[in-house]
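> sequence unknown, structure follows:
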Ligand code: HEM
């Protein structure tokens, strides 16, 4: 069923209740008059008794597709702008390609508010950068152009291989020591993966070890507090930015809690950056090539250097750790693939093609980011509907990646699909290029992609070299907030080889 909503040139206002039966349009002036009523009607769907009450985000995405088809609009509710969900790779490609000059992605609205308004005093200039996630337009473009060469060039990133290998080796030893008599990891596995990802991004961003593996780390230590803040950031921003909320009108307790958390996170990253700067001043630093991102950027632009290093310690923790957990799980329940990977790793012939294919396949089945967004800067005609400018479009990549029409046998973990040739029906190239997009698209795609890939490749190789990873017991749960959290039960078994 394709009819889901209608954008006429007159900017219709629709609510869920009328979507199934008919398409209703009202003019701009009527839309304004009816706005409040529409907001309330939409809101009711999320209230107890409503069709969408207590539904988790993954179920919501599937349900909306099943009911309404490949294009669905959720009307504005209180402070939330209307959003169009798109489940069609071709249409996603049209918009993403057209919005690739200075793309706008409105995400983490509360974080942008904190950086651009909340923490600024009246005298602060508004033309100062606040970060890649929160800035747009020329401010974003200048920042991004300056940091791209440092963060995205594969040959520059490969220089961090040995530092990341050292972290991976230490983490393998830590996992070994954390096992009980049944080779299960004692304690919280997700927390362990966070410690690994923070330590890894720390060596790349700051050049020094943050000592995340210190066995005496207290819960109130800066490392553990930062991990908690990053987690809270994704959870709370999901509540404030994606669910109906009135924080842009009234300072709610949740809003105040979130602002406090952003402040703590900012102070914690400042603490780590200061320590790194002390090391740099004492010339403890590395050769030019191996210099951490902070030091390389200091030579270019001091302001960018601090902001980027700080954002790396935030954006590079839960994203990479949950990708790692999901990949390990899929390797554990697919022993034949794990063995094949082990043979590639142990052969030491420098080839990493199967390793990369395993990670790509894991990110297709269990991606950490469920979709991507753009705010339109022009009008589009998509699937027979008119989409005006200034509308948020969410591309449901996670859903698309699991469609049979794009990826045959979609629920099966088949890394070979990324390596096989054109004549094979499984060949990934047969899928639409915009069906799977774990790191986003174009000039606004993930700036940490190369680093994240190198981290996961390095650690996964070390693990299969050292352990036979198995899984015993019930399947894990995946919980969606702003990102997908790979939740327990963590039934991993790490057997020595
Ligand atoms: C497996 C790990 C990761 C995944 C799956 C991931 C995914 C994404 C996605 C989907 C976007 C949005 C792209 C778009 O709008 O087209 C993004 C943006 C971003 N990511 Fe990542 N990310 C990961 C790791 C990292 C790491 C390690 C860093 C640290 C350097 C990072 C920093 C960022 C930043 C700063 C942005 C905003 C870029 C901009 O707007 O210019 N990410 N990421």
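Nice, I can see it. All figures in this text were calculated on a predicted structure; none of them were measured in a lab. Numbers count the residues shown, from 1 in each chain.
> which residues of the stretch 151-300 of the chain fall in helices?
Here the stretch 151-300 of the chain has its helices, by DSSP state H, counting those that start in this stretch, at 154-158, 161-178, 189-205, 222-237, 253-281, 293-298.
> wait, which of the ones you listed is closest to the ligand?
For the ligand, the closest of the helices of the stretch 151-300 of the chain is helix 189-205, at 5.7 Å, according to CB to the nearest ligand atom. In short, each C-beta sits where N, CA and C put it, glycine included.
> ok now the closest one, how far from the chain's centre?
16 Å (CA atoms, centre = their mean, to the nearest Å).
> quick one, that helix and helix 222-237 angle?
Here helix 189-205 points in a direction 110 degrees away from that of helix 222-237 (axes from the mean of the first three to the mean of the last three CA atoms, to 10 degrees).
> comparing the helices of the stretch 151-300 of the chain, which comes out most buried?
helix 189-205 (a mean of 24; mean count of other CB atoms under 10 Å).
> for that helix, packing partners?
Counting contacts by 3 or more CB pairs under 8 Å, 6 or more residues apart in numbering; DSSP states H and E, helix 189-205 is packed against helix 161-178, helix 222-237, helix 293-298, helix 302-315, helix 318-332, helix 449-466, strand 484-487.
> looking at the helices of the stretch 151-300 of the chain, which is closest to residue 358?
helix 161-178 (15.9 Å; CB to CB).
> name the helices or strands packed onto the closest one?
helix 189-205, helix 449-466, strand 492-496.
> list the buried ones in the shortest one?
Residues of strand 492-496 classed as buried by neighbour count (16 or more other CB atoms under 10 Å): 492, 493, 494.
> now the helices of the stretch 151-300 of the chain in a markdown table, with distance to residue 48 and mean pLDDT?
Shown next, in a markdown table, are the helices of the stretch 151-300 of the chain (distance: least, CB to CB, whole Å; pLDDT from 0 to 100):
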| stretch | distance to residue 48 | mean pLDDT |
| --- | --- | --- |
| helix 154-158 | 49 | 91 |
| helix 161-178 | 42 | 97 |
| helix 189-205 | 31 | 97 |
| helix 222-237 | 22 | 94 |
| helix 253-281 | 19 | 93 |
| helix 293-298 | 48 | 95 |
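> tell me which of those helices sits nearest to residue 420.
Short answer: helix 154-158, nearest of the helices of the stretch 151-300 of the chain by CB to CB, at 23.9 Å.
> any residue of the closest one up close to the ligand?
No - using CB under 6 Å from any ligand atom, we find that helix 154-158 stays clear of the ligand, coming within 10.4 Å at best.
> I would like the residues contacting that helix, please.
149, 150, 151, 289, 450, 451, 454 (CB atoms under 8 Å, 6 or more residues apart in numbering).
> picking up where we left off before, mind putting the helices and strands packed on helix 161-178 into JSON lines with distance to residue 278?
JSON lines is the format used below for the helices and strands packed on helix 161-178 (distance: least, CB to CB, whole Å):
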{"stretch": "helix 189-205", "distance to residue 278": "15"}
{"stretch": "helix 449-466", "distance to residue 278": "24"}
{"stretch": "strand 492-496", "distance to residue 278": "37"}
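> with distance to the ligand added, can I get those in JSON lines?
Below are these laid out as JSON lines (distance: least, CB to the nearest ligand atom, whole Å):
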{"stretch": "helix 189-205", "distance to the ligand": "6"}
{"stretch": "helix 449-466", "distance to the ligand": "4"}
{"stretch": "strand 492-496", "distance to the ligand": "19"}
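> which of these sits closest to residue 294?
Using CB to CB, these put helix 189-205 closest to residue 294, at 6.0 Å.
> tell me the angle of that closest one relative to helix 302-315?
Going by the same axes, to 10 degrees, helix 189-205 makes 160 degrees with helix 302-315.
> and the residue minimising distance to the centre of the chain, helix, strand or coil?
In the chain, the centroid-proximal residue (CA atoms, centre = their mean) is residue 369; its distance is 4.1 Å. Secondary structure assignment for residue 369 (DSSP: H, G, I helix; E, B strand; the rest coil): coil.
> for it, what are its contacts?
319, 397, 438, 440, 483, 484.
> before we move on, what about residue 272?
By CB under 8 Å, 6+ apart, the neighbours of residue 272 are 202, 206, 210, 222, 226, 313.
> so the fifth one touches residue 198, yeah?
What it means is residue 226. Yes - counting by CB atoms under 8 Å, residue 226 touches residue 198, with 6.8 Å between them.
> between the two, which contacts overlap?
Counting by CB under 8 Å, 6+ apart, the residues touching both residue 226 and residue 198 are 313, 317.
> low-confidence ranges, the stretch 1-150 of the chain, go.
Along the stretch 1-150 of the chain, segments meeting pLDDT under 70 span 1-47, 51-53, 76-80, 122-125.
> give me phi/psi at the residue of it found nearest the ligand?
Closest contact between the stretch 1-150 of the chain and the ligand, by CB to the nearest ligand atom, is at residue 132 (3.8 Å). As for residue 132, its main-chain torsions (degrees, to the nearest 10) stand at phi -70, psi -30.
> list the residues that contact the nearest residue to residue 352 once chain neighbours are set aside.
Once flanking residues are discounted, residue 352 sits nearest to residue 457: 6.3 Å by CB to CB, 6 or more residues apart in numbering. For residue 457, the contacting residues are 352, 355, 356, 359, by CB under 8 Å, 6+ apart.
> what sits against residue 488?
188, 189, 190, 476, 477.
> for residue 363, state which of those is nearest.
residue 476 (16.0 Å).
> residue 330 is in contact with that closest one, correct?
No - if you go by CB under 8 Å, residue 476 and residue 330 don't touch, sitting 10.6 Å apart.
> what secondary structure does residue 447 sit in?
coil.
> which residues of the stretch 201-350 of the chain lie near the ligand?
Counting by CB under 6 Å from any ligand atom, the stretch 201-350 of the chain sits next to the ligand at 201, 311, 312, 315, 316, 319, 320, 323.
> max pairwise distance over those residues: which two?
311 and 323 (18.0 Å).
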